[in-house]
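Q: Have a look; sequence and predicted model below, questions after that.
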Amino acid sequence: MRNLGRNSIFFLSLTLPANEPADAATDLDASWSDGIRLSSADGSTTIKFGGQIQSDWVFQEGEDELLAVLGDGGTPASLEDGTEVRRLRLSTEGVLAGGTEFRVQLDFAGGSARLKDAYAGVSGLPAVGTLRAGYQYEPFGLEEQTSSKYTAFVERGLTSALNPERNPGLLATNRHGRVFWAAGVFRDADSFGKSTGDGEYVATARLVTTPREGDNGRTLWHLGGAVSVRNPPGGHVEYASGAENHLGPTYVDTGELEADQVVLWGVEAAIVEGPFSIQSELVTASASTGGPDPAFRGFYVFGSYFLTGENRRYKAASAVFDRTKPTRSYGIDGGAGAWEVVTRYSTLDLADASVTGGTLADWSAGVSWYLNPNFRWAANYVRADLDDAGVSHALLTRFQADF
């Protein structure tokens with residue numbers, strides 16, 4: 001950890017006046033550890049300032065039959081090359097006086113600010129562990145819970161169309177040995193955490209175990225499951241997805257369905273053995289519609305291999321994967337950074353009972369170059385096959401810096 005010094009040009013080090021005695025709880029020194037940190041001498045108070053930039057380029061094309069199906073009113077859809085700032089985020093988080101915590105994150109991509117995290121919590125509670133209140137991720141899914149900064153692919157798999165994301169709620173999390181659990185009550189809300197309506201509550205829980213851990217994190221077995229019982233706002237629900245390509249059109253869509261309840265089930269597994277890892281999830285969404293009740297399913301499985309010998313790193317405190325750190329960063333003592341190759345199969349079936357939302361299957365392959373712990377370049381090829389329609393191809397590239 002490199003000390004930035006009390007005379008930093010940005011004056012990030014906070015000190016008491018010289019004629020007052022130092023208080024370890026308020027005397028904060030600035031340092032760098034994959035981000036700017038202010039820490040008290042006794043470690044009870046830590047504040048981190050972070051940011052994230054993801055600049056994407058996409059090159060894509062599709063068969064004429066597919067474009068005709070994806071079109072509207074007889075006009076074929078178009079798959080055009082493009083670029084976007086996928087994510088542009090600023091955040092601050094911290095632990096105050098050892099027992100309380102907070103996190104705030106805003107995303108400015110697309111030209112307007114959207115809330116991504118805004119919660120406060122208390123840790124060290126008997127039995128409960130940590131209790132958080134505010135706008136935060138519901139505890140469902142391994143890839144969904146893993147930060148977009150640390151996912152193996154440019155975009156998450158097709159199961160993300162069924163997974164819940166962030167919502168306002170009350171969440172409890174704890175870890176006992178090799179078992180992690182999280183459970184909470186939430187409400188479906190807009191991108192600023194606003195929600196109104198009677199009875200529209202959500203209960204979501206996740207349970208994970210790591211039956212095998214060793215070799216300083218280079219060996220790991222992860223097994224888990226999650227459930228979510230949801231009362232959709234207004235009694236309506238809709239699931240839709242494009243290919244694993246944010247600049248592409250929608251490929252499958254249930255349309256708006258009347259449903260007084262939806263139950264989500266998910267199972268997840270991952271194995272890390274040195275530079276090789278495999279990860280998979282299956283998600284089912286069963287909707288109570290008053291008629292034949294449809295069940296929609298998503299699935300993916302992917303493999304990862306580090307050509308330079310690193311391994312995917314795991315964050316046991318929240319049972320997710322964490323930042324990749326090259327053994328030797330690019331440009332330092334002749335280091336080449338870390339190189340990772342990945343391949344994935346992903347499918348989403350939104351056709352069941354009387355719902356004809358379509359079935360989509362994606363094959364992906366890619367490479368990531370981690371120049372250092374805070375900079376990554378990635379390229380993914382995605383072949384999307386819409387059942388009874390046709391195939392599209394996309395090349396996605398991403399330049400990412402985060403701290």
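A: Thanks, I have it. Numbers count the residues shown, from 1 in each chain.

Q: strands paired with the helix or strand where Q105 lies, and their directions?
A: Assignment of secondary structure by DSSP states H and E places Q105 within strand 100-107. If you go by DSSP bridges, strand 100-107 pairs up with strand 82-96 (antiparallel), strand 114-125 (antiparallel).

Q: Could you work out which of these reaches nearest to G335?
A: With CB to CB, the closest approach to G335 among the strands paired with strand 100-107 belongs to strand 82-96: 26.9 Å. C-beta here means a position set from N, CA and C on the backbone, and glycine is covered the same way.

Q: May I see the buried residues of the closest one?
A: Buried residues in strand 82-96, counted by 16 or more other CB atoms under 10 Å: 86-89, 91-95.

Q: So S33 versus F296, what's the distance?
A: Using CB to CB, to the nearest Å, S33 is found at 42 Å from F296.

Q: I figured Y381 hits R344, correct?
A: No: in this structure, Y381 is not within contact of R344 by CB atoms under 8 Å, at 10.7 Å.

Q: Compare those two and say which is more crowded by neighbours.
A: A count of neighbours by other CB atoms under 10 Å puts R344 above the other of Y381 and R344, at 23 against 15.

Q: what about the helices in this structure?
A: Ranges of helices in the chain, per DSSP state H, are 64-70, 142-145.

Q: now T100, which residues is it bridged with?
A: L96, V122.

Q: Contact partners for it?
A: 120-123 (CB atoms under 8 Å, 6 or more residues apart in numbering).

Q: got these as a markdown table, with distance to V355, neighbour count and pLDDT columns?
A: Putting the contacts of T100 into a markdown table (distance: CB to CB, whole Å; neighbours: other CB atoms under 10 Å; pLDDT from 0 to 100) gives the following:
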| residue | distance to V355 | neighbour count | pLDDT |
| --- | --- | --- | --- |
| A120 | 40 | 14 | 98 |
| G121 | 39 | 21 | 97 |
| V122 | 43 | 14 | 97 |
| S123 | 43 | 16 | 95 |
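
Q: Most widely separated two among the residues you listed?
A: A120 and S123, at 11.2 Å, using CB to CB across the contacts of T100.

Q: joint contacts of these two?
A: The contact sets of A120 and S123 overlap at 100-101 (CB under 8 Å, 6+ apart).

Q: And for stretch 110-119, what's in contact with it?
A: Stretch 110-119 is contacted from outside by 85, 89, 91, 102-108, 132-136, 166, 171, 191-193, using CB under 8 Å, 6+ apart.

Q: surely A338 meets R313?
A: No: counting by CB under 8 Å, A338 does not reach R313; the two are 11.0 Å apart.

Q: From V227, how far off is the nearest residue to P164 once chain neighbours are set aside?
A: Spatially, and ignoring its direct neighbours in sequence, P164 is nearest to E138 (4.4 Å; CB to CB, 6 or more residues apart in numbering). Counting by CB to CB, the gap from E138 to V227 is 11 Å.

Q: Kindly report the same for V95.
A: For V95 relative to V227 (CB to CB), the value is 30 Å.

Q: Contacts only, for the spatially closest residue to S78 that is not a sequence neighbour.
A: Excluding the flanking residues, the one nearest S78 by CB to CB, 6+ apart is L67, at 7.0 Å. Contacts for L67 were tallied using CB under 8 Å, 6+ apart; they are 76-79, 390.

Q: and the residues you listed, which of them are in strands?
A: Among the contacts of L67, the members found in strands (DSSP state E) are G390.

Q: Tell me which two in the contacts of L67 are the farthest apart.
A: Across the contacts of L67, the longest distance by CB to CB is 14.1 Å; it joins S78 and G390.

Q: neighbour count winner among the two?
A: More crowded of S78 and G390, by other CB under 10 Å: G390, with 17 against 12.

Q: For P326, see how far away the closest residue to the more buried one other than its chain neighbours is.
A: Once flanking residues are discounted, G390 sits nearest to L66: 3.1 Å by CB to CB, 6+ apart. Distance of L66 to P326, given as CB to CB: 39 Å.

Q: do the same with G335
A: G335 is 7 Å from P326, where distance means CB to CB.

Q: between the two, who's got more neighbours?
A: P326 (21 against 15).

Q: which ones are touching the more buried one?
A: 308, 310, 335, 337-338, 370-373.

Q: L395 too?
A: In this structure, L395 makes contact with 58-60, 379-382, judged by CB under 8 Å, 6+ apart.

Q: could those residues be laid out in a markdown table, adding distance to T204 and pLDDT?
A: As requested, the contacts of L395 are exported to a markdown table (distance: CB to CB, whole Å; pLDDT from 0 to 100):
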| residue | distance to T204 | pLDDT |
| --- | --- | --- |
| V58 | 32 | 98 |
| F59 | 37 | 98 |
| Q60 | 34 | 98 |
| A379 | 34 | 98 |
| N380 | 29 | 98 |
| Y381 | 34 | 98 |
| V382 | 29 | 98 |
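
Q: Closest one to G43 out of the contacts of L67, please.
A: Nearest to G43 among those, counting by CB to CB, is L79 at 52.0 Å.

Q: Find the residue closest to A379 in space, skipping its chain neighbours.
A: Closest residue to A379 apart from its sequence neighbours, by CB to CB, 6+ apart: T397 at 4.8 Å.

Q: Read off the pLDDT value for A203.
A: In this model, A203 is scored at 98, pLDDT.

Q: now do the one 4 residues further on
A: pLDDT recorded at L207 is 98.

Q: before we move on, what about G35?
A: On the pLDDT scale, G35 is placed at 86.

Q: Then N372?
A: pLDDT, N372: 97.

Q: Could you find the closest non-adjacent residue to it?
A: Spatially, and ignoring its direct neighbours in sequence, N372 is nearest to S329 (3.9 Å; CB to CB, 6+ apart).

Q: Might you list the low-confidence residue ranges for the stretch 201-350 of the chain?
A: The model of the stretch 201-350 of the chain has no residue with pLDDT under 70.

Q: which stretches of it form strands?
A: Ranges of strands in the stretch 201-350 of the chain, per DSSP state E, counting those that start in this stretch, are 201-214, 219-230, 236-237, 240-242, 250-253, 257-258, 261-273, 276-288, 295-306, 314-315, 320-321, 338-352.
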